[in-house]
Structure formats: C-alpha cells, structure tokens
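# sequence first, then the predicted structure, then my questions.
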Amino acid sequence: MSPAQEIGHCKICHTNNLITFISFGEMPVANAFLRKEEVENPSFKEFKYEMKVGFCENCKMVQLVNIVPYEKYIVPDEKGKRNYAFFASTSKVMEQHFSEIAKEIENRFLDKSSKILEIGSNDGIFLKAFKSNPVLGIEPSDNVAEIAKKLGIETITEFFSESLARRISLERGKFKAIFSANVILNIIDLHDLLNGINYLLEDNGAFIFEDPYIVDILKKVSYDQIYDEHIWYFSLTSLNNLLKMHGLELFDAEKLETHGGSMRKYVCKKGKYPPTERLLRYLAEERDNGINTLAPYLKFAKEVEESKEELIRLLRDIKSKGKKIVGYAAASKGTIVQNYCGIGRELIDYISDSTPFKQGLYSPGNHIPVVAPEYFHNDKKTDYALLGAWNHADEIIGKEKEFIQRGGRFIVHYPKARILESGNLPDIESHADTTQSSDLIPGVEVKKLKIFANDQGYLFETLRNDDAFFNGVFGQVLMIEIYPGVIKGYHLHKKHDEYITCVKGNVKYVIVQENPNGTKKINKFVIGEKNPALIKVPKGLWRAYMPLGNQPAMIMDVMSRPYDSKDPDTEEKGIMDFGDVWTVKNG
Ligand SMILES: [Zn+2]
C-alpha cells in the first residue's frame, strides 16, 4: 500500500480498513438533470461531491466513500411527491429480462398461494408477470409507483426498512420470495435491510437480488457503473461476509448480461438450501482473481485513467476535422463518462434521449441540452453519436439504421474508445471451452457433469428438474448418433428449449445468436466423453455440431416440446453461413 492511500471507516464491518483506491474528482449527481433557469442563473450552485471508491481489507466490501443523501437524487416536486427519472418498462430488453426471471422464480420456489415481495418495484415491470400469486411492491418514488398501481399491483410508497418490514409481516405474514433488481446496491443501511428481510422471509424462502457485478466492472473497466446512487459494488465473497452477520447465506448465483455484467444472487436462511455448483465455481473464480485483495482494484484505477485519455483523444481528433458529435441516451453512465473525461458542449452539441422527463433539461455537470429523438432524426448534420448506454448498443444500433445509412457513426468508449463501422460492426466470438461462462450468449447455460466410476462401471447425471436453468417443461428425449465427417447443419427452434449432452464420443457444438443489427455472437464448445457437460440452448438461437476424431458421437437431446411433424418448429441454414467454424486449426 502506498503512503498516499487514504484509510477510512467501513460502513459494513465498522473497522478502519477502508482503503480508497480511486477518485473521480468532483462529480454532480448522475441523474440530477437541470432546468434552463438553473443553468442560466449565475448564482445557482449545483451540488457536487468527490466521488471515490474504497475496498475494505477486513470484510472485502467495495463501497462509495462519500455518500450522497437520497434527497439529492430523488427530488420532491411542488406537491412534495418524490419522483424518479427512470421508468423500467421503457426498455424492451428489460421487459423480457424480468418476465424470464419471474417465470424462473415461479417454477423453482412458488406454490399456488406463495406471496412475492419486490423491493424497489419501479413501474411494476417484474411483478406484473405473476398472474395468480399475490404480489406486493415497495417503491418510494410516487411517479413510477403510480404506473404500477394503475396496472393493479399493490404498492407501498415508502423506503424499505426493518420497521416497515415488521409492519408488513404483522398485516400480511411472510413471503416465499423477495426480489430486487438494481436496488440493494443503493441502500445505505444494509444491516437494517437484512433485519427486514429476516422478518419477512419464510423459513425456506429465497431472497433473490441482482446488481452490477464487481468482477465484470473490473474486467471490463466499466467505471461508468460507479455513481452516487450505487453505494455498494458486491462480490459474492463480500456478500457472504455480510450475510453471515445476519444468519443468512448465498446458495446460488447466476451471471447476467444486463448493465454490462451483473450477478443474480440467491439468499436463504442458513443451511436451508445446499450451495449450487455454479455458486462454488464463481466463488473459486473470485479467489483466483484476487477479489479479496487490493491488487485488482489498483489495476482497475490505472486502466480507468488510460480509458479516459483514449476517449478524449478520439473525440478531439474527430472534432478537429470539423465534424459534429452528439450524445445518444442521457443515462447516468453518460453523465459519469462526460464529467470524468471533461466532455462538454465544445465536443458534444446535445444529447438525444427518449425519456420525455429528461427532454428540455440539461445534463448534470457539463450542462449539455437533452433533446427528443425526433430532433436527432431530423438533424442531418450530425456525423457521430457517442453512446451513453453502450450496454444497449445492439438494441440502439438496430433502431438507428437510417442514421447509419446516411453515413452517421456511433462512438463507444467501451471496451476501448472507438468508432463502430457499419457493416463492420463487431461480431463476438467467444471461448471454445466450457470452463468459463463470462462470454456466454444470454440464456445459454453450461453445467459440468461429474462422472462417478468404480469397479462396476460408471455413471453420470445430466439434466435434473432442480437445475436452476431448467425451464420446468418436458417434451421428449431424442437420441442422435452422428457419423465421423458429417456436420449436422444450423437449425433454430422458436418454440422449444433444448438440453444437450454428448454421451458417446466428442462433438464440437456451435451456438449462434443473430442480432437485429446484423451482428452475431458465437459460442463454440467441445463436449463429450473428454469434457462431460450439459448445455442449455434456449429457443431462438442457431445451433450446429460435428463429431471430433474418427468415431461416431451420440447426443442426448432433452426437448421442452415433443416433435410434431405438422409443426416441426425448425428453420435451417447452411453449415458455412456463419463462417468456417469447423476446420480444425492445426499447429
Ligand atoms: Zn469492512
């Protein structure tokens, strides 16, 4: 540790072991968009604070050092109501994300009368997916809660706390599942939260929550996940330390692609569910990455600095050629990047954003005007648009074909500052093994299979109905033998998922996701006797495979819908339609 490093008080374990590893300097509140009168008033003083992040060497929790009080970002209106600028249901991607997790929770934990509670229920995007179970939302922001109430979702407009939890449990009893997405990391007093959870959770209930994952933030240098509302940056290691203080523990975890890399955590009362294999694997990965030491955080701080220099260089270079740059999406991520990198109106003319709430306002800190997308669409002079929400790049680029066709280009700052060329948009081809899951196509799951051998022979389990990724629907089992030299070409099913095990020989198994903007993501695996694994291939993806070596391979395919010759639910493509993924590279 260098002597310049600042040491402070950890808000979780209350020891003086909190080491500041990065400071972003003075920052505005990321979602505090300003009115014209404020921007033009010389005596108006915008609230700013020094944004720095620390790592506790004792309990391993990564946390904001200076906390911004709630009232700075949830601004009461004239009637004293709290309003929040983010409406979850405006994103189609998020809509689908929440209906999928709702289905999983229903299949895995609920029976007919089980109750579900959501902390931070926003506009009801998650709870509306439950058709028969009783639901309750907690959402302190009046304007978004209002929308949920109109959908018939009972919503309490208060902050979640232990005392609210006691009141709810007196009136309504306990809940089988408590869910929360991108909220727990905002809650200042996590001890109070967990006391409340303990009150409300049935003994064999599950508390499921998801937030951006510190390992992904470090790996991707996505420093724009850090802002005033995000107080905590969880690893599974630090969470287990915290949960232990409350008689709770993790029993499962699942990596997600949302927000550029998130982790969904499953918490139970101590000993109620055995830890899943994937949880143990993630915990081992964290140890391997040194997540419980200061080193990866110091490395991150250095990479953040480099990323800033790259982006400024790129934008100044474009501007020096007389080109016009605008911002696309007035998200908190954009506020952080623009303020940290000092990108103001001399580089960016305006920011286009589809949230009506923000249009006509000015971005925090650098005061760039926010306009409606129509303004951007009618402005034919724009050459470049800097993406403020790179995690939705695919969705955005798919929507802005006209801009691209007339020569417009998007700039991203992540993973390095660059211009996205049209027709040359990046395909993502990821790993050919099954030992990591960081680059998996969303929905694809890999489970390593354990072989139990003794002097009688051997056996292994493949799909189990308690596998977290099992969708709960059984159609049929199909056994397929494929001869050496044959490629089973690309096919796609729209109505059913498949669970693939190679039970004899070995195969190269290829899965392709085609995106609306023409890019694709490819996952390649080698599975079989030499690498026993089960792969879940969800509906909507292309898949193809080929035996390796000189022996036939046998595939066991568990399908969630039986084959129907009148409705085969199969589309096909040529074996080379996604390039040559088949030729074995010698050498
Ligand atoms: Zn601590």
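That came through fine.

# please make it C-alpha for all contacts and neighbour counts, starting now.
Fine.

# near the ion, which residues of this protein are found?
Residues of the chain lying near the ion by C-alpha under 5 Å from the ion: 10, 13, 56, 59.

# inside strands: which ones of the residues you listed?
Among the residues of the chain next to the ion, the members found in strands (DSSP state E) are residue 56.

# can I get the residues of the chain next to the ion in a markdown table with distance to residue 459 and neighbour count?
What follows is the residues of the chain next to the ion, written out as a markdown table (distance: C-alpha to C-alpha, whole Å; neighbours: other C-alpha atoms under 10 Å):
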| residue | distance to residue 459 | neighbour count |
| --- | --- | --- |
| 10 | 49 | 24 |
| 13 | 46 | 17 |
| 56 | 45 | 27 |
| 59 | 41 | 21 |
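
# now residue 537: how far from residue 585?
Here the criterion is C-alpha to C-alpha, to the nearest Å. By it, residue 537 lies 26 Å from residue 585.

# surely residue 466 is in contact with residue 108?
Yes - at 7.5 Å, residue 466 and residue 108 qualify as touching, with contact defined as C-alpha atoms under 8 Å.

# so those two - more neighbours on which side?
Set side by side, residue 466 and residue 108 show more neighbours around residue 108, with 16 against 11, by other C-alpha atoms under 10 Å.

# would you agree that one falls within a helix?
Yes - applying DSSP: H, G, I helix; E, B strand; the rest coil, one finds residue 108 inside a helix.

# please enumerate the helices of this structure.
Under the criterion DSSP state H, helices of the chain are mapped to 36-40, 92-109, 142-150, 162-172, 190-200, 214-220, 236-244, 277-288, 295-320, 332-340, 373-378, 393-399, 401-405.

# let's have these in JSON lines, adding mean pLDDT.
Output for those, formatted as JSON lines (pLDDT from 0 to 100):
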{"stretch": "helix 36-40", "mean pLDDT": "93"}
{"stretch": "helix 92-109", "mean pLDDT": "89"}
{"stretch": "helix 142-150", "mean pLDDT": "90"}
{"stretch": "helix 162-172", "mean pLDDT": "96"}
{"stretch": "helix 190-200", "mean pLDDT": "97"}
{"stretch": "helix 214-220", "mean pLDDT": "92"}
{"stretch": "helix 236-244", "mean pLDDT": "98"}
{"stretch": "helix 277-288", "mean pLDDT": "95"}
{"stretch": "helix 295-320", "mean pLDDT": "95"}
{"stretch": "helix 332-340", "mean pLDDT": "93"}
{"stretch": "helix 373-378", "mean pLDDT": "95"}
{"stretch": "helix 393-399", "mean pLDDT": "75"}
{"stretch": "helix 401-405", "mean pLDDT": "84"}
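
# pick the most deeply packed of those helices.
Greatest average neighbour count among the helices of the chain goes to helix 332-340 (a mean of 23), per mean count of other C-alpha atoms under 10 Å.

# report all helices and strands that that helix contacts.
On a contact count with 3 or more C-alpha pairs under 8 Å, 6 or more residues apart in numbering; DSSP states H and E, helix 332-340 meets strand 18-28.

# same for the strand it packs on, what does it pack against?
Here strand 18-28 touches strand 7-8, strand 48-56, helix 295-320, helix 332-340, going by 3+ C-alpha pairs under 8 Å, 6+ apart.

# can I get it as PDB, trimmed to CA atoms?
Provided in PDB are the C-alpha atoms of strand 18-28 (Å, rounded to 0.1, in the frame of the first residue of the first chain):
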ATOM      1  CA  LEU A  18     -11.400   1.000   4.100                       C
ATOM      2  CA  ILE A  19      -8.800   1.900   1.500                       C
ATOM      3  CA  THR A  20      -9.700   4.400  -1.200                       C
ATOM      4  CA  PHE A  21      -8.300   3.000  -4.500                       C
ATOM      5  CA  ILE A  22      -9.800   5.500  -7.000                       C
ATOM      6  CA  SER A  23     -11.100   9.100  -7.000                       C
ATOM      7  CA  PHE A  24     -13.000  10.500  -9.900                       C
ATOM      8  CA  GLY A  25     -12.800  14.100  -8.600                       C
ATOM      9  CA  GLU A  26     -15.800  16.400  -8.200                       C
ATOM     10  CA  MET A  27     -19.000  14.900  -9.600                       C
ATOM     11  CA  PRO A  28     -22.600  16.000  -9.900                       C
END
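
# so what are the domain limits for this protein?
88-289, 308-420, 428-572 (automatic domain parsing).

# just send those back as TSV, with distance to residue 17 too.
Listed next are the domains of the chain as TSV, based on distance: least, C-alpha to C-alpha, whole Å:
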stretch	distance to residue 17
domain 88-289	14
domain 308-420	27
domain 428-572	31
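
# mind checking which helix or strand of this protein has the lowest mean pLDDT?
strand 428-430 (a mean of 49; mean pLDDT, DSSP states H and E).
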